[in-house]
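1. build me a model from this:
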Amino acid sequence: METCELTRTALFRGLTDEEAHRALDALDARRHPFVKDELLLQAGHPVTHMGLVLTGRVHIEHLDVWGSKTLLGQAEAGDLFAETYACLPREPLLVNVTAATDGEALFLSAERLLHPGREPWLQQMAQNLLQIAARKNLGLARRNLYTAPKTIRGRVTAYFSALAIKNDSLQFTLPFDRQQLADFLGVDRSALSNALSQMQREGLLTLGRRTVVLHTDPQEL
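-> Have a look, this model is predicted:
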């Protein structure tokens, strides 16, 4: 990703190309190409550098001691990951960051952003980081809404309703495949498939591979 492209990402927003160059030096920037399924960051270890996805996509996952995996979210090109932990370097990670595709990440030290001083571009980046963190916290709060229902249908309904609101349409594309959706909602894949098939038979929705169309009045089908 060129410097001019970096300035269009959320962390570098508001910086000139020259300021972005200075930021790369000040934040100890390190590029890291990755391959699909590569473990980029491992739970149990502290981190000092946050990751910025340049190309590809990574998953943020929680793996319990029995090996059960929960997909908490994903980061695509332009998104940050592990920024909260990088700001709390003594806190060990509670999640794994795994490459969902081939790609490349840029790792940046968070230390200077915690003490931006009077340099306007550092102050701008610190403000950007705060907004990103707030948006991430909102996303986690929303996920709690999706996983609060006790039934699989309840979780599907909550999540699909939120996607419909976000897209301002009853038709939308899922960001996950079926296994990833099951991991994200914290349910068994087979049970999820059964619930989706039943909802489709009832005329509540129409499923494509990743597309969903909700029907608020099944009698119209």
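2. can you pull the pLDDT of the residue positioned nearest the centre of the chain?
-> For the chain, the residue nearest the mean C-alpha position is residue 74 (3.1 Å; C-alpha atoms, centre = their mean). On the pLDDT scale, residue 74 is placed at 90.
3. and the longest helix along the chain, how far out from the chain middle?
-> As assigned by DSSP state H, the longest helix anywhere in the chain is helix 120-147. Chain-centre distance of helix 120-147: 11 Å, with C-alpha atoms, centre = their mean, to the nearest Å.
4. which strands or helices does the following helix or strand past that helix pack on?
-> Sequence-wise, the next helix or strand downstream of helix 120-147 (DSSP states H and E) is helix 152-167. Judged by 3 or more C-beta pairs under 8 Å, 6 or more residues apart in numbering; DSSP states H and E, the packing partners of helix 152-167 are helix 120-147, strand 171-173, helix 178-185, helix 189-201, strand 211-214. From N, CA and C alone the C-beta is placed, and that goes for glycine too.
5. of all the ones you listed, which one is nearest residue 63?
-> helix 178-185 (10.5 Å; C-beta to C-beta).
6. contacting residues around the closest one?
-> Helix 178-185 is touched from outside by 59, 61, 69-73, 143, 146-147, 152, 155-156, 159, 174, 176, 188-189, 192-193, with contacts defined as C-beta atoms under 8 Å, 6 or more residues apart in numbering.
7. now do the helix or strand of the chain with the lowest mean pLDDT: distance to the chain's middle.
-> When the helices and strands of the chain are scored by mean pLDDT, DSSP states H and E, helix 3-6 comes last with a mean of 76. Centroid displacement of helix 3-6 relative to its chain, using C-alpha atoms, centre = their mean, is 21 Å.
8. residues of that helix that come out buried?
-> By neighbour count on 16 or more other C-beta atoms under 10 Å, the buried set for helix 3-6 is 3, 6.
9. which residues of this structure score low on pLDDT?
-> The chain contains residues with pLDDT under 70 at 1-2, 4, 218-221.
10. and with 50 instead?
-> For the chain, the stretches with pLDDT under 50 are 221.
11. in which helix or strand would I find the residue nearest to the centre of the chain?
-> Using DSSP H and E, residue 74 falls in strand 69-76.
12. now that strand: buried residues?
-> Residues 69-75 are the ones in strand 69-76 that count as buried (16+ other C-beta under 10 Å).
13. tell me the one of the residues you listed nearest residue 103?
-> The nearest one, if we look at the buried residues of strand 69-76 relative to residue 103 and count by C-beta to C-beta, is residue 75, at 10.1 Å.
14. what's near enough to touch that closest one?
-> 51, 53, 57-58, 60, 81.
15. turn the residues you listed into JSON lines, including secondary structure.
-> Below are the contacts of residue 75 laid out as JSON lines (DSSP: H, G, I helix; E, B strand; the rest coil):
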{"residue": "51", "secondary structure": "strand"}
{"residue": "53", "secondary structure": "strand"}
{"residue": "57", "secondary structure": "strand"}
{"residue": "58", "secondary structure": "strand"}
{"residue": "60", "secondary structure": "strand"}
{"residue": "81", "secondary structure": "strand"}
